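Participant: model this:
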Amino acid sequence: MKTFSIKEALRFGWQKFQEHIWFLIGLFIINFLLSFPLGKEGVEYLKHAGIDKNTIIGLSAIAGIATFILQIGLMRVVLKIIDGITPTLADIFPSFSLIIKYIGTMILYALIVLGGIILLIVPGIIWAIKYSQVFYLVIDKHTGIIPAFKESGKITDGVKGKLIAFGLVLGLMNLAGALAYQVGVIITGPIALLASVYVYRKLHNLTFSVSPVTPEFPPENSPTTTSQI
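Facilitator: Alright, predicted model coming up:
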């Protein structure tokens, strides 16, 4: 039966976070600083600093683009960590073609989920989970947009309920980090991303019968594997 352990995913995320702690914290601090002009508090701060409206709009646009690119870069970094490869700063700069493909994937994903929400909400939730792995597939496997949606449907088949539970756990964890004056997010954020990519890789390997490329995924009967929840 295809499944995954939430505890194991979180344990993996915590272990890998400790191994690359300063690199990951540095990237998330940059992400936090870039996103600051996009928030209400950031805009108010810029206004009080005497920055005119047009300049604020321009800064927000630049910050938005930079944050978007960094989000793709963070996924590339975490995928390398999963593969046992030490990431570098060059990994946070995706190619232009990947950026365009990622944007196309985002638009199609949003349209599908929106369409499902219009159809009495529940289909939107189901489709959001069903196609939740498309972004990893596009970045990790360089899969085309439509094939990525098809593969995501296969990967999430039979585990949608557990993926919802997993998402709730990560959401609560990041909420706790945000409540700690936002500082905690630079810790919970990397752990959540590492755990999410762990789950993606495990489900992908189980779905397509691919042997793990690194020994990072303990066998199911290994004494180090935690119980399923």
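Participant: hang on, residue 67 packs against residue 35?
Facilitator: Yes. Using Cβ atoms under 8 Å, residue 67 is in contact with residue 35, at 5.1 Å. C-beta coordinates here come from the backbone N, C-alpha and C atoms, glycine included.
Participant: after the lengthiest helix in the chain comes which helix or strand?
Facilitator: Ranked by residue count, the top helix of the chain under DSSP state H comes out as helix 53-82. Tracing the chain C-terminally past helix 53-82 and defining elements by DSSP states H and E, one meets helix 96-118 next.
Participant: name the residues of that following helix that are buried.
Facilitator: The neighbour-count criterion (16 or more other Cβ atoms under 10 Å) identifies 101, 102, 105, 108, 109, 112, 113, 116 as the buried residues of helix 96-118.
Participant: stretch 17-25 too?
Facilitator: In stretch 17-25, counting by 16+ other Cβ under 10 Å, buried: 17, 20, 23, 24.
Participant: same check on stretch 152-165?
Facilitator: Those buried within stretch 152-165 under the rule 16+ other Cβ under 10 Å are 152, 155, 156, 159, 160, 162, 163.
Participant: please compute how far the longest helix of the chain lies from its chain's middle.
Facilitator: In terms of Cα atoms, centre = their mean, to the nearest Å, the gap separating the centre of helix 53-82 from the centre of its chain is 13 Å.
Participant: what angle do the worst-scoring helix or strand of the chain on mean pLDDT and helix 53-82 make?
Facilitator: None of the helices or strands of the chain scores lower by mean pLDDT, DSSP states H and E than helix 40-48, at a mean of 75. Per axes from the mean of the first three to the mean of the last three Cα atoms, to 10 degrees, the angle that helix 40-48 makes with helix 53-82 is 140 degrees.
Participant: which strands and helices sit next to the longest helix of the chain?
Facilitator: helix 6-19, helix 21-35, helix 40-48, helix 96-118, helix 134-140, helix 185-207 (3 or more Cβ pairs under 8 Å, 6 or more residues apart in numbering; DSSP states H and E).
Participant: among those helices, where is the model least confident on average?
Facilitator: Ranked by mean pLDDT, these end with helix 40-48 in last place, scoring a mean of 75.
Participant: centroid-nearest residue for this structure?
Facilitator: For the chain, residue 193 is the residue whose C-alpha lies nearest the centre (Cα atoms, centre = their mean; 4.9 Å).
Participant: that residue and residue 78 touch, don't they?
Facilitator: Yes. The pair formed by residue 193 and residue 78 meets the contact definition of Cβ under 8 Å, at 5.3 Å.
Participant: separation between the residue lying farthest from the centre of the chain and residue 35?
Facilitator: Distance from the C-alpha centroid of the chain, by Cα atoms, centre = their mean, peaks at residue 50 (35.7 Å). Distance from residue 50 to residue 35, counting by Cβ to Cβ, to the nearest Å: 22 Å.
Participant: can I get the buried residues of stretch 17-25 in a markdown table with distance to residue 125?
Facilitator: Listed next are the buried residues of stretch 17-25 as a markdown table, based on distance: Cβ to Cβ, whole Å:
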| residue | distance to residue 125 |
| --- | --- |
| 17 | 29 |
| 20 | 33 |
| 23 | 35 |
| 24 | 30 |
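Participant: show me which of those residues is closest to residue 206.
Facilitator: When the buried residues of stretch 17-25 are compared for distance to residue 206 (Cβ to Cβ), residue 17 comes out closest, at 24.0 Å.
Participant: what residues are up against that closest one?
Facilitator: The contact partners of residue 17, taken as Cβ atoms under 8 Å, 6 or more residues apart in numbering, are 24, 187, 190, 191, 194.
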